[in-house]
Structure formats: C-alpha cells, structure tokens
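Asks: Here is a sequence together with a model predicted from it:
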Amino acid sequence: MRFGEHWLVQALLAMWIALVTLLHYGLLANNLLSALARR
Amino acid sequence: MLPLAIAAAIAAAACAFGMRLLRFASNLQFASFLERAVFGAAIGLGAIAYVILGLGLGRALYPWAIIGTIVVLAVISWRDLAQLLLGIGRGLRAFVTGRPSIGGIGVTAFILVTFVLAVLGALAPSSANDWDGLSYHLAVPKVYLQSHSIHFIGWLSHSNFPFTMEMLYAAGLALEGQAAAKLLHTLCAVLIVLAMISFGAAHWERRHGALAAVIFLAVPVVAWEATSGLNDLAQALFTLLGLYAFINWWSGRGGGWLVVAGALCGLALGVKATAGVLLGFLTVAAFYHRAASERAGAAAGLRAAAILIAVAAVVASPWYIKSYVWTGNPVYPFLYEWFGGKYWTAEAARLYRDEQLSFGMGRGPLAFILAPWNLTMYGHRFSNFPSRPLMYTSLGPLLLAFLPGLLVLGKLDRRVKLLLLYSLAAFCAWFVLSQHIRYAIPLLPPLALCAGFAGSEIIGKGRKELRPVAIGAAIIVCVISSAIFCVLVIDAIPVVLGAESERAYLTRTLDGLYTMSEVVNALPAGSKVIMYGETRGFYFDTPYMWGNHHHNMIPYDRLSTANELIHAYWKLGITHVLMTGQFMNALKAPSPGLGRLLADALAERRLVPVEIRGDLILLRITEPAS
C-alpha cells in the first residue's frame, strides 16, 4: 500500500485543505470587519 | 461594443499571424488545434507589439499605420485566419453538443462568470485601483501617441522598461481608447486559461488543466488584474507558454519547440527583466536534459542552451538596446551601481530600491519558509497598502491547500517536478527582489498547474472522506472569489452600461484627479505642468512631467533659491505646479532640498494657487526675475 493511500494521510490532507480554506476566509472576514469598524 | 470588436480584431489578426509564423518552424508537432491557436496568439501579439515599436521609433505612430498593420497581418495570414474561425466554430459546436460532467459545467460556469466580470471591469475607465496603469502603463503609450513617436522620456524612468504589453496598449488607445487597450490584458488571462486546459490535455488529462485554470482564476489579484491596464498577466502568459513549449521539446514533440520556448522567453523578457529567471532556468534545464540523455553529451547540451539563449536574446534585445542607447543602462533604472544611467542618481536608486523592499513580512530565512503561508493568509501585507485589508490583494487558499497533495501522490510526474522547480526559482527571485503580491503573478500559472494536477488526482482517486472536502473547498473558493470579484466590479457596471457618464464615474472615484485633469486640459496652449506627490497623468492632455524621485532633470540639490527653481522650471517650459495637499503640508515642516525651495517659492508668491480639486492644488508659476 502506498504512503498516500493510508487513511491517516488522507485524513490529514483533508484537514489541511479544510483548515487553509476556512482560516483564509476567516482572516479575510476579520480584516474586513476591523476595517469597517475603524471607519 | 466597439472596444470588444477592436480587441477581438487585434486578437484574431495576432492569432492568425502567429499561427502562420509557427508554420515556418520546422519539426513542430501540435497536440491539438487549441495548442496551435494559443501559441499562435501569444507569438502574434508579440509580433504586433514589435511592429508598433518599429512604427514608433520610425515616427509613424498613427492610427492609420496601426490599422494598416493589423489589416496587412490578417490578409497575409488569411488561410490561418479562416482556419482559426472554423476551429473556433468547431470547438463551440463540440462544446455545446457534448455532454460535460457536472464538474465540467461548474468549471465552465466559473470561468465564464469570471471573464464576463473581467470584461465589464476592463470596459470601465481606469480609476483609483489602477494606479500604475494611470501613471505609466497606459500613460506612456498615450504620450507616445500624442507625438506619433517613441522617444526618450527623461522624467519618467519607467518609460525605459521593456514595453511589449504597452505597445499593444498603444494599439488599443489609438484605435479606440483605454477600454480596447485593457481588454488586451484581459485577453492575456483568457489565453493563460486556454493554455492551461491545452497543457492538461496534451500532457496529463484535460481535467487537470481545467482545475488548474480554476485555481488560477480564483486568485483575486489575478481576476482584478484582468480588468486593469498593468502588464503582469502578459508576463505570466509568455512565461507559462515558454515552460509549455520547453516541456513539449523535452517530451520529444519536435526540436522546433526549443526555438519557440526561446522566443517566448524573449517575449517575457520584453515585458519585465525579471523573466531572466525563466531564461536562466530553462537554459540549465535544456543543457542538463541534452547532456544527460544524448551520446553527444555536453556538446549537445551546450548547443541546446545556446539555441535557447540566442533566440531569446534576439527577441528581447530591442528593448534593452533602446534603453542602453537612450540612458547608458540596458536595465534602466535598475543596477545603477553597475551601469549608471541618464537623469538618475544614487539617491534616486536608493529610494526606489527601498520602496521595492518595503513590501512583505520580512526577508530572513524564517520569513522565506513562512512566505507561502503569509501570502495566503495576509496577502494585503504584500501590497502598497498594508494597512488596508484589500480583498483583491490575495492569493486565495487553493494553491496552499492543494499543493501538499503532491507529497502523497507517490512518484511525481517529471513535468510537475520541472514546473515546481521553476516556481521555486522564481519564488526565490521574488522574495529577494520585491515581495509585492502582483509581482508573484507570473509564477502562479505553473504553480496552479501543479496544484491542479494534485487537486484533480485527489478528487479523482482520493478516499471517500477526502474527495468531498477537496470538492467542497474548490466550490467554496469559486463562490467566494466570484463574490469578491462582483464587489470589485459592481461599482463600474453603471458606467459600462451607460447609466452613468464617464465624467460622473471618474469624478466620484478618482478623488479630484479627474476634475483637476479637466482644469489642466483647459490651460492655455503652451502650458506644461510639473506634478509632486501625484504620478497619474493619463487623463492629462496638456504636457506634464513627474516632479520628484524618478529623475534629476531638475538638479534640486544644486539650486539654492526659489528664483533659481523658477528659472529651472522656465527652462523646461513648465508653467504650472500640481501638488497634493499631503505633499504641500509636508513643506510646512523644515525640509531640505526641494521641500525648502518650494516652501520659499510659495512664501515669495512665485507660485500662486490657481485651483483646488479634492486633495490637488494647481499653482501658476510667475515670471522669473532676470
């Protein structure tokens, strides 16, 4: 069985994809809200 | 519709002529009609840019000469033009009658929505977001068109950059206006997307290229650039196609591809000198490939490297020779310490270098390792306005999300390895030279191809727990990127649809610059304006020049009185001074050099305020005392 086919590796990759996506938009939203509050 | 028709006509003539040029190259196998058309379009656009450069240097930069060029190129390539039109018709028919998957429909819808928004954005007059476009990418071609010639502009150092894209802007400006010009930049984004799809189909599977195209277009800074009058997408196009042509040669699809790769490296160098990284990388790769794989060894490697360098040098050289002849520095105003340069000083070089180094989140080893994360999460810190969370200065999350997938795919495809290695080299150069997010755009297409390959493999072959996460992330990114792009473009839709006049739109969005341009354009004939704290002169029809930082045509440090300053203005034919309120306020603090001279001139009423618009103040220069 290849390294990449192991369920744990795939689970970690799924977590990484979800984390990066959610964190990116979370930070973007936070920055925008802060900017609006500063106005 | 006229700007679209003009841009489409230029694109069609370029594509047909480029396809005709490619027929001259021997030993060139195309995987598809799409591949031939995309390479033809890029090479044809480059050829048109060089013809316009020739017209400008020959003092024949007139609309009729540009129309004549387009018509002649289309007529001598009529067979290829007919093939192109038939090919587009066949492609559309196959697309409409085919049965795409749900994923295919989603990808197509996202690409179409993005390009419709990009076209709407490009059709609107350039405003506050397009600072560099209004300062020089569009402004310099306008200056050239006013004098019907390409000449040395001492007060604008940027005019000595390689200007392949700006020559195309000159064509758009001459035939219609800024909308047609900017649509040619949008065209570069369209060609990049088509090139990615073609690359996927030729070397992997079409779905890999399609996902790569989605990842690339979902980067907000890319979609925003497609509406602007900048040039990063042109460099990205030539860079991607240079790598594509090289990989075709590397994959044994004909020796002619090496020449095409060299030509595209040359065209990329004709947009920005930083494409030297591409040429250096491909030269080493060509040498290594030939030296390692042929019996002739190093001799064959050297020959391949020499072909690549020679072709690229011939194509790129007009820009660097022009700059050398006019300024004494082939890469003016950079590398001043080596080459020097007319109207440039060590102080100006230091200020410019400091500005280039001011972007980003650090330059040490840790900052290098964290840069991909920081670029993804804090993209606005890599821009001119780090304090503003500008949502379009963002890379989006998909590159960082999908690229680690390559680690778990087992043995990597050698084309992925080559694209990754190039991306790493270009990323190192970006990190060292200037960490502006816009300057990273040319390395995004090869990275997006790698991320597209990884994402597509994950979606196609991943376990049932992984696939929905990857698909969900892609869908979320597409939806949010489209929403961000909508917010960016929505302000311009009334002016594009005719519900708001251009004047009202520009008055509303340009903070007084547009209304001041009306004042400046109404000055008596023979007037000339010098600008301080403001560089965006595109809307000015009256002659103007930049005042500070970017040249030393006026040797401020050698002037000691306001009267000497006024004499210096008078010698250059300058009748008015335009400055921002911020610049004027800075004069109130004790400042040396130019600041003190201007403050004295104001105190002595040698500069008299004439008009105020927004933050801009126009002052008339009084007659100098003898």
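Replies: Perfect, thanks for sending it.
Asks: Could you find the closest non-adjacent residue to residue B:573?
Replies: Excluding the flanking residues, the one nearest residue B:573 by Cβ to Cβ, 6 or more residues apart in numbering or on different chains is residue B:528, at 4.9 Å. The C-beta positions use only the backbone N, C-alpha and C, and glycine is treated the same way.
Asks: Can you give me the distance of that neighbour to residue B:543?
Replies: Relative to residue B:543, residue B:528 is positioned 4 Å away (Cβ to Cβ, to the nearest Å).
Asks: May I have stretch B:357-368 as PDB, with CA atoms only?
Replies: This file holds the C-alpha atoms of stretch B:357-368, laid out as PDB (Å, rounded to 0.1, in the frame of the first residue of the first chain):
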ATOM      1  CA  LEU B 357      12.000  46.300  -0.500                       C
ATOM      2  CA  SER B 358       9.200  47.800   1.700                       C
ATOM      3  CA  PHE B 359       6.600  45.100   0.800                       C
ATOM      4  CA  GLY B 360       6.200  41.800   2.600                       C
ATOM      5  CA  MET B 361       6.600  40.400   6.100                       C
ATOM      6  CA  GLY B 362      10.400  40.100   6.400                       C
ATOM      7  CA  ARG B 363      13.400  38.900   4.500                       C
ATOM      8  CA  GLY B 364      15.100  36.400   6.700                       C
ATOM      9  CA  PRO B 365      15.200  32.600   6.400                       C
ATOM     10  CA  LEU B 366      12.100  32.200   8.700                       C
ATOM     11  CA  ALA B 367      10.200  34.700   6.600                       C
ATOM     12  CA  PHE B 368      11.200  32.800   3.500                       C
END
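Asks: That one vs chain A: in contact?
Replies: No - on the criterion Cβ under 8 Å from any Cβ of the partner chain, stretch B:357-368 is out of touch with chain A, staying 13.6 Å away.
Asks: List the buried residues of that stretch.
Replies: B:359, B:360 (16 or more other Cβ atoms under 10 Å in any protein chain shown).
Asks: And the contacts of it?
Replies: B:370-371, B:374, B:378, B:381-384, B:386, B:431-432, B:434-437 (Cβ atoms under 8 Å, 6 or more residues apart in numbering or on different chains).
Asks: Going through those residues, which ones are buried?
Replies: Using 16+ other Cβ under 10 Å as the burial test, the contacts of stretch B:357-368 include B:371, B:374, B:378, B:381-384, B:386, B:431, B:434-437 as buried.
Asks: can you list the residues of the stretch 451-600 of chain B near chain A?
Replies: Near chain A, when you scan the stretch 451-600 of chain B using Cβ under 8 Å from any Cβ, you find B:458, B:462, B:463, B:465, B:466, B:469, B:470, B:472, B:473, B:476, B:477, B:480.
Asks: Quick check: which element contains the closest residue to the fourth one other than its chain neighbours?
Replies: The reference is to residue B:465. Nearest residue to residue B:465, sequence neighbours excluded (Cβ to Cβ, 6+ apart): residue A:14, at 6.0 Å. Taking DSSP states H and E as the definition, residue A:14 sits inside helix A:7-38.
Asks: in chain A, which ranges drop under the pLDDT threshold?
Replies: Along chain A, segments meeting pLDDT under 70 span A:1.
Asks: quick one, what contacts the residue positioned nearest the centre of chain B?
Replies: Central residue of chain B (Cα atoms, centre = their mean): residue B:231, 1.3 Å from the mean position. Residues in contact with residue B:231, defined by Cβ under 8 Å, 6+ apart, are B:137, B:165, B:166, B:185, B:271, B:272.
Asks: Selection in ChimeraX covering whichever of those are buried, please.
Replies: Buried subset of those, written as a ChimeraX selection, criterion 16+ other Cβ under 10 Å:
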select /B:137,165,166,185,271,272
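Asks: any shared contact partners between residue B:528 and residue B:543?
Replies: Residues touching both residue B:528 and residue B:543 (Cβ under 8 Å, 6+ apart) are residue B:573.
Asks: and residue B:610, that one's in a strand?
Replies: Yes - under DSSP: H, G, I helix; E, B strand; the rest coil, residue B:610 sits within a strand.
Asks: count of neighbours near it?
Replies: Counted with other Cβ atoms under 10 Å in any protein chain shown, the neighbours of residue B:610 add up to 14.
Asks: Which pLDDT value belongs to it?
Replies: According to the prediction, residue B:610 has pLDDT 93.
Asks: Pull the distance from the particular helix or strand that has residue B:429 in it to the chain's centre.
Replies: Assigned by DSSP H and E, residue B:429 belongs to helix B:414-433. Relative to the centre of its chain, helix B:414-433 is centred 19 Å away, using Cα atoms, centre = their mean, to the nearest Å.
Asks: Tell me which residues of it come out buried.
Replies: Under the neighbour-count criterion of 16+ other Cβ under 10 Å, helix B:414-433 has B:415-416, B:418-420, B:422-423, B:425-427, B:429-431 buried.
Asks: wait, what's in contact with residue B:218?
Replies: B:110, B:396, B:398, B:477, B:478, B:481.
Asks: give me that answer again for 6 Å
Replies: By Cβ atoms under 6 Å, 6 or more residues apart in numbering or on different chains, the residues touching residue B:218 are B:396, B:477, B:478, B:481.
Asks: Just the closest of the contacts of residue B:231 to chain A, please.
Replies: residue B:185 (25.3 Å; Cβ to the nearest Cβ).
Asks: Let me know the secondary structure of that closest one.
Replies: Secondary structure, three-state DSSP: residue B:185 is helix.
Asks: Find me the pLDDT at it, would you?
Replies: Residue B:185 is given a pLDDT of 97.
Asks: Leaving out chain neighbours, which residue sits closest to it?
Replies: In space, residue B:185 is closest to residue B:233, 5.7 Å off (Cβ to Cβ, 6+ apart).
Asks: give me the element the one you found is part of.
Replies: Applying DSSP H and E as the criterion places residue B:233 in helix B:232-250.
Asks: Check residue B:545 too.
Replies: Using DSSP H and E, residue B:545 falls in strand B:544-546.
Asks: Using CSV, write down the CA coordinates of the very next helix or strand once past that strand.
Replies: Next in sequence after strand B:544-546, counting helices and strands by DSSP H and E, comes helix B:562-571. Taking C-alpha atoms only, helix B:562-571 is exported to CSV below (Å, rounded to 0.1, in the frame of the first residue of the first chain):
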residue,chain,number,x,y,z
ALA,B,562,13.3,80.0,-5.2
ASN,B,563,14.3,82.2,-8.1
GLU,B,564,16.7,79.5,-9.4
LEU,B,565,13.9,76.9,-9.1
ILE,B,566,11.6,79.1,-11.1
HIS,B,567,14.3,79.6,-13.7
ALA,B,568,14.8,75.8,-13.9
TYR,B,569,11.1,75.3,-14.4
TRP,B,570,11.0,78.0,-17.1
LYS,B,571,13.9,76.4,-19.0
